[in-house]
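Asks: the sequence and its predicted three-dimensional model are supplied below.
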Amino acid sequence: MYYKFNGFTQRLVGAAASTAYNPQGLKPIVSTESPALVFGTTTKLASDLPATDSFLGKNQVPDLQKLFQSDSKADGLPVHLKRGVPDKLLYRTTMALTIGGTIYCLVALYMASQPRSQK
Amino acid sequence: MAHQAHSYHMVDPSPWPIFGAAAALLTTSGLIMWFHYSSTTLLTMGLLSMLLVMLQWWRDVIRESTFQGHHTPTVQKGLRYGMILFITSEAFFFLGFFWAFFHSSLAPTPELGGQWPPTGVKPLNPLEVPLLNTAILLASGVTVTWAHHSITEGNRKQAIHALTLTILLGFYFTALQAMEYHEASFSIADSVYGSTFFVATGFHGLHVIIGSSFLTVCLLRLIKFHFTPNHHFGFEAAAWYWHFVDIIWLFLYMSMYWWGS
């Protein structure tokens, strides 16, 4: 019995031998080595981002992972306030809007429920 | 330090659910104040707070998953179930409007002239802009699949290109549909024809806008390296939603635009 991984249900399901011998996602081996540098021309360092790949900068995910997981911040700050001041400002604005709005809503509904005064 | 002995995500206390409920209250009562008292203050507050809640809630989900690593395979499975159930509920939502359309169009009343389209209603030509819109959405389904394959193969540049193309096609559809709405010879007030047509296509258009926004957020996350070739459920959810929007359009096109003309 052969099996393959169904990406939709995230489970192993039965498969034919042909599928097992040609696994999904297996690509022919392509050399990832860059071609030999030619020293007749000016050589760019590998660390310089070539123009075709400078798509909006470097990967900041590892830094953010450190920020959000750092044990120094195991001070019990919930995730919605983890970044400090900007989070607090946004939170307070939202709270002001919703709580203030709810009070305004109750007042407006109270007034709307009053019988119309004679004009 | 205490560690959990299970693979589920016990979330931090969060204010967004109750703020979201309050925002819904403000939006609905705001609609009442607008309709009956011509005042838009409450409605504006409602929509603004709804936007703020959505931004912060989903921002937190990204923090919990990409930055804190809480989305284990178990958690992801739950999210998959959730998205499927949500899309199913949306399918039922549209089913209602299709029901209304067929109820009125299969047996047109004498008030409509006993025919469908009703007497005096000049329907849109299904072989003009609506056909183009069909092609656009089908093409966007192809490009979003291309983007998915690029992500699983680790080809970031191609994925960005494909996803950008998908979003542009979505905008093109919306722009064309808005133009069609403007140019149509009938309005929502034109008998049950206008009602069924504009409510169904209108909600579909809203879903296209929602889907485009979802895809745009995915594009931003893709650019910021949030997705890995093996773990990119946010993108998959957006792609499922987009395919759903495409399928609804196909049904709309076949029934209201083509059969109904």
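Replies: Everything's here; your move.
Asks: for chain A, what lies in contact range of chain B?
Replies: Residues of chain A found near chain B (C-beta under 8 Å from any C-beta of the partner chain) are A:10, A:25, A:27, A:52-53, A:55-56, A:59-61, A:64-65, A:67-69, A:78-80, A:82, A:90-91, A:93-95, A:97-102, A:104-105, A:108-109, A:112. From N, CA and C alone the C-beta is placed, and that goes for glycine too.
Asks: same thing but 7 Å
Replies: Applying C-beta under 7 Å from any C-beta of the partner chain, one finds that chain A approaches chain B through A:10, A:25, A:53, A:55-56, A:59-61, A:64-65, A:68-69, A:78-80, A:82, A:90-91, A:93-95, A:97-98, A:101-102, A:104-105, A:108-109.
Asks: mind listing residues that contact stretch B:199-218?
Replies: Applying C-beta atoms under 7 Å, 6 or more residues apart in numbering or on different chains, the contact partners of stretch B:199-218 are B:97, B:101, B:163, B:166-167, B:170-171, B:173-174, B:177, B:234-235, B:238, B:241-242, B:245, B:248-249, B:252, B:256.
Asks: buried set for it?
Replies: By neighbour count on 16 or more other C-beta atoms under 10 Å in any protein chain shown, the buried set for stretch B:199-218 is B:200-201, B:203-205, B:207-208, B:211-212, B:214-218.
Asks: elements contacting the host helix or strand of A:M95?
Replies: Take DSSP states H and E as the rule and A:M95 turns out to sit in helix A:85-112. Counting contacts by 3 or more C-beta pairs under 7 Å, 6 or more residues apart in numbering or on different chains; DSSP states H and E, helix A:85-112 packs against helix B:16-37, helix B:41-62.
Asks: so which elements touch the first one?
Replies: Applying 3+ C-beta pairs under 7 Å, 6+ apart, one finds that helix B:16-37 contacts helix A:85-112, helix B:41-62.
Asks: what comes up buried for the first one?
Replies: So that's helix A:85-112. Buried, per 16+ other C-beta under 10 Å, within helix A:85-112: A:87, A:90-91, A:94, A:97-98, A:101-102, A:104-105, A:108.
Asks: ditto for stretch B:52-68
Replies: For stretch B:52-68, by 16+ other C-beta under 10 Å, it's B:52-53, B:56-57, B:59-68.
Asks: quick check: the farthest pair among those?
Replies: For the buried residues of stretch B:52-68, the maximum inter-member distance is 22.1 Å, found between B:L52 and B:Q68 (C-beta to C-beta).
Asks: overlap between the buried residues of stretch B:52-68 and the residues near chain A?
Replies: B:52-53, B:56, B:60, B:63-64, B:66-68.
Asks: isn't there a helix covering B:Q76?
Replies: Yes. Using DSSP: H, G, I helix; E, B strand; the rest coil, the secondary structure at B:Q76 is a helix.
Asks: which one is it nearest to, not counting chain neighbours?
Replies: Distances taken as C-beta to C-beta, 6 or more residues apart in numbering or on different chains put B:F233 closest to B:Q76, at 5.4 Å, once the chain neighbours are dropped.
Asks: for that neighbour, grab the count of nearby residues.
Replies: 16 (other C-beta atoms under 10 Å in any protein chain shown).
Asks: cool, and B:T27?
Replies: Using other C-beta under 10 Å: B:T27 sits among 19 other residues.
Asks: residue contacts, it?
Replies: By C-beta under 7 Å, 6+ apart, B:T27 lies in contact with B:43, B:46-47, B:50.
Asks: can you list the residues you listed in JSON lines and add distance to B:T109 and pLDDT?
Replies: Formatted as JSON lines, those follow (distance: C-beta to C-beta, whole Å; pLDDT from 0 to 100):
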{"residue": "B:L43", "distance to B:T109": "36", "pLDDT": "96"}
{"residue": "B:G46", "distance to B:T109": "38", "pLDDT": "96"}
{"residue": "B:L47", "distance to B:T109": "38", "pLDDT": "97"}
{"residue": "B:M50", "distance to B:T109": "39", "pLDDT": "97"}
